[in-house]
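Trainee: starting from these lines, generate the structure:
(2 chains)
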Protein chains: 2
Amino acid sequence: MQIAVLGVGLIGGSIGLAARKQGYVVAGWDVDQGVLTAAAERDAVDRAAASAADALTDAEAAFLCAPVGALPSVTAEALAAAGAGCVVTDVGSTKRALAATTADERFIGGHPIAGSEASGVEHARAELFEGAAWYLTPGARSSGVLYERLHGLLVSFGARPVAIDAEAHDRLLATVSHLPHVLANVLVSQAAADLATEGEALPRVGPSFRDTTRVAGASSGIWTDIYLANAEAIAARIDDAVARLQRVAADLRAGDSVAVRDWNEAAGEDRRRLLEADLAGGPVHELRLTVPNRPGIVAQVALALGRGGVNIADMALAPAPDNRTGSITLWVAGDGAGTRAAELIGELGFPVAERA
Amino acid sequence: MQIAVLGVGLIGGSIGLAARKQGYVVAGWDVDQGVLTAAAERDAVDRAAASAADALTDAEAAFLCAPVGALPSVTAEALAAAGAGCVVTDVGSTKRALAATTADERFIGGHPIAGSEASGVEHARAELFEGAAWYLTPGARSSGVLYERLHGLLVSFGARPVAIDAEAHDRLLATVSHLPHVLANVLVSQAAADLATEGEALPRVGPSFRDTTRVAGASSGIWTDIYLANAEAIAARIDDAVARLQRVAADLRAGDSVAVRDWNEAAGEDRRRLLEADLAGGPVHELRLTVPNRPGIVAQVALALGRGGVNIADMALAPAPDNRTGSITLWVAGDGAGTRAAELIGELGFPVAERA
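Mentor: Residues are numbered from 1 along each chain as shown, chains lettered A, B, ... in the order given. This is a model prediction of the structure:
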């Protein structure tokens, strides 16, 4: 099968590598000639095409890996150039706006949940999609034959295709990805404004502020497009967040300790449920330990757990104000992993507590 | 000098250890006899008192380390039992509500910014306050002589006392600590509700959701008190967050890409400024790398950086969907630390990118 990949950065390059590993022939193209050359040098494509139309010649599947804002025009162009039997899909992180631009039976929207941490073809790898959910948003007129072909391709990449309505997809992503970014932005800007008013430096208040604002101000080049392409769903989620915040503010002003406690308890319950579903391999245990803050100490802890067969699912490290000690929060998954990890850490002589 | 410590858990126990290290004589008491015994066994107190009043006999300084909700009654009791020349302070994380309960010249509110990660006297240590800000909120009638004594004590513990108006303190903490917890709670509950509606599992969307909700559902025993004791300031911050969110929603609905981009850019700028002020030792560099997800890999990276003299200020680890690889985000501080860290990681053969 011949495959066209338009845009050969992290995602497009990884698609190329995964497809070539399956023996497919990949023609790649990119608006940036330097990126295309790098992709060819990394063997992510068999052929560096001279144009988008050239890449699409004889292709049976086309992956459009352009930024969200450019996708409507890239998609129109690709559908015009592609053959009658070519399935055309994209990898944008919002789906409804693009779906609204075409009713072509060859088009099926897509969104692999993978690879958002680093960009560029130098990070591309054939295994990027292994085990990853890959949302597909077929339209009412999308061809069944082409859907089956695309589904099979994604499975051959190791991905798990999940069909979902484009609107439901955008609502879902608004909740678990876009809204967290909005809240982080709001919080960090509010803190900056408040601290300027108070004339205070940011006090060292532990990890809560840093954790909650970690994703604030993510790349505007990528995120402005995402925010706008999913504006309606994000705005609806913001409305919901506003309603919830106003309820909390009202409970606080009324001094309703029962309501505040119930709300906090429910959030803890929700968090455990969501994260346990997210981190495979059994219940998640959260451990907190205090360690000297010197190079190599994280290594010592991780090595001890590694030797003991405990894998660390997630980790947060925060220095204490004196910069001599720090606290490490570890999440380990699996029955008995929490107890085992606590034992191993105890043997190192560090105080450790498992969070209930 | 004789010092009374009422409540000898993490903070009270650490005060006892720090005071004894300076040669002061510490009488301790706790509502929980088991905690008091443990504190005595850890040498955090010279004497396990029979009652709060007993601990206060001949004390020249008293530290009240009870939960925020119990502080008003504990403070009244301590002021009634303490001598005329005894400075009485607390360590609660909100200050205005307690300050309103007394105009006694011996009382000075306090709040050390330390030790929130793990609780219990078993984590207590004399060095807990070294380099830590310790807010003091003297009232209009607080004695200057007693303030000076308390200030000197805290300095002897290694802390940096900072005088601040009780209301300003509570506004500050509402911004950098309480509101992040509120937003995390709201987000996690919203996601749980939305995912139930969509009938979807939480998709593996990278670290944004997990980071932003890390502090959701913190211990209700502690946090219900904190929320209520600072209800007014937190509600005001919620109002401000709501106004900011509504502005974003309006910009999104208007499709105003310039406003959305400017807002996102400003948030990124605010985040860098706040975190650079927070993490001492020069500008902070953020690195992202992709690694195999196996026990010992974090150790390998941390060891390499440790050997190379680069200390890790902060770290976030997220597994990839296939559970075979993961991404590590590292924050390293100091001129040249980012470049040096990238070199060291590159030598290990892992792809690494510095975030601009």
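Trainee: hey, what's the closest residue to residue A:297 other than its chain neighbours bridged with?
Mentor: Taking CB to CB, 6 or more residues apart in numbering or on different chains as the measure, residue A:297 lies nearest to residue A:291, with 5.0 Å between them; neighbours along the chain are not counted. (C-beta placed from N, C-alpha, C; glycine too.) When bridges are called by DSSP bridges, residue A:291 pairs up with residue A:326.
Trainee: ok, residue A:291 to chain B distance?
Mentor: Plainly put, residue A:291 is 11 Å away from chain B if you go by CB to the nearest CB, to the nearest Å.
Trainee: list the contacts of that residue.
Mentor: Contacts here follow CB atoms under 8 Å, 6 or more residues apart in numbering or on different chains; on that basis residue A:291 touches A:297-298, A:301, A:325-328, A:350.
Trainee: now do residue A:103
Mentor: A:139-141.
Trainee: of these, buried ones?
Mentor: residue A:139 (16 or more other CB atoms under 10 Å in any protein chain shown).
Trainee: out of the contacts of residue A:103, which are close to chain B?
Mentor: Applying CB under 8 Å from any CB of the partner chain to the contacts of residue A:103, one finds that nothing falls near chain B.
Trainee: could you export the contacts of residue A:103 as TSV, including pLDDT and secondary structure?
Mentor: Rendered in TSV, the data for the contacts of residue A:103 read as follows (pLDDT from 0 to 100; DSSP: H, G, I helix; E, B strand; the rest coil):
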residue	pLDDT	secondary structure
A:139	83	coil
A:140	80	coil
A:141	82	coil
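Trainee: from the contacts of residue A:103, pick the one nearest residue B:189.
Mentor: Nearest to residue B:189 among the contacts of residue A:103 is residue A:139, at 33.0 Å by CB to CB.
Trainee: how near is the closest one to residue A:146?
Mentor: Shown here: residue A:139 relative to residue A:146, a distance of 11 Å by CB to CB, to the nearest Å.
Trainee: let me know the secondary structure of the closest residue to chain B within the stretch 251-356 of chain A.
Mentor: Among all residues of the stretch 251-356 of chain A, residue A:268 sits closest to chain B, at 2.3 Å; criterion: CB to the nearest CB. Per DSSP: H, G, I helix; E, B strand; the rest coil, the local secondary structure of residue A:268 is helix.
Trainee: count of residues packed around the closest residue in space to it that isn't next to it in sequence?
Mentor: Of all residues not flanking residue A:268 in the chain, residue B:217 sits nearest, at 2.3 Å (CB to CB, 6+ apart). The burial count assigned to residue B:217 is 22, neighbours taken as other CB atoms under 10 Å in any protein chain shown.
Trainee: mind checking how far stretch A:69-86 is from the chain centre?
Mentor: Here stretch A:69-86 shows a centroid-to-chain-centroid distance of 26 Å under the convention CA atoms, centre = their mean, to the nearest Å.
Trainee: cool, stretch A:235-246 as well?
Mentor: Relative to where its chain is centred, stretch A:235-246 has its mean C-alpha point 22 Å off (CA atoms, centre = their mean).
Trainee: then it to PDB, C-alphas only?
Mentor: Backbone C-alpha positions of stretch A:235-246 (Å, rounded to 0.1, in the frame of the first residue of the first chain) are rendered in PDB as follows:
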ATOM      1  CA  ALA A 235     -16.500  27.900  26.500                       C
ATOM      2  CA  ALA A 236     -19.300  25.400  27.600                       C
ATOM      3  CA  ARG A 237     -16.800  23.700  30.000                       C
ATOM      4  CA  ILE A 238     -15.800  27.100  31.300                       C
ATOM      5  CA  ASP A 239     -19.400  27.900  32.000                       C
ATOM      6  CA  ASP A 240     -19.700  24.700  33.900                       C
ATOM      7  CA  ALA A 241     -16.500  25.400  35.900                       C
ATOM      8  CA  VAL A 242     -17.900  28.900  36.600                       C
ATOM      9  CA  ALA A 243     -21.100  27.500  38.000                       C
ATOM     10  CA  ARG A 244     -19.200  25.100  40.200                       C
ATOM     11  CA  LEU A 245     -16.900  27.800  41.400                       C
ATOM     12  CA  GLN A 246     -19.800  30.100  42.200                       C
END
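Trainee: is chain B contacted by it?
Mentor: Yes: residues of stretch A:235-246 are located near chain B by CB under 8 Å from any CB, namely A:235, A:237-242, A:244-246.
Trainee: could you pull out the helices for chain A?
Mentor: A:10-21, A:33-41, A:52-56, A:71-81, A:96-99, A:144-156, A:166-173, A:179-198, A:207-212, A:220-229, A:231-253, A:257-278, A:297-307, A:337-348 (DSSP state H).
Trainee: which helices and strands does the third one pack with?
Mentor: Counting by 3 or more CB pairs under 8 Å, 6 or more residues apart in numbering or on different chains; DSSP states H and E, the packing neighbours recorded for helix A:52-56 are strand A:2-6, strand A:25-29, helix A:71-81.
Trainee: any idea which of these is most buried?
Mentor: strand A:2-6 (a mean of 27; mean count of other CB atoms under 10 Å in any protein chain shown).
Trainee: that one pairs with which strands, and in what direction?
Mentor: Paired neighbours of strand A:2-6 in the sheet (DSSP bridges): strand A:25-29 (parallel), strand A:61-64 (parallel).
Trainee: return the residues in contact with the closest residue to residue A:150 other than its chain neighbours.
Mentor: Counting by CB to CB, 6+ apart, residue A:150 lies nearest to residue A:87, which is 4.9 Å off, once chain neighbours are set aside. Listed by CB under 8 Å, 6+ apart, the contact partners of residue A:87 are A:60-62, A:106, A:108, A:143, A:146-147, A:149-150.
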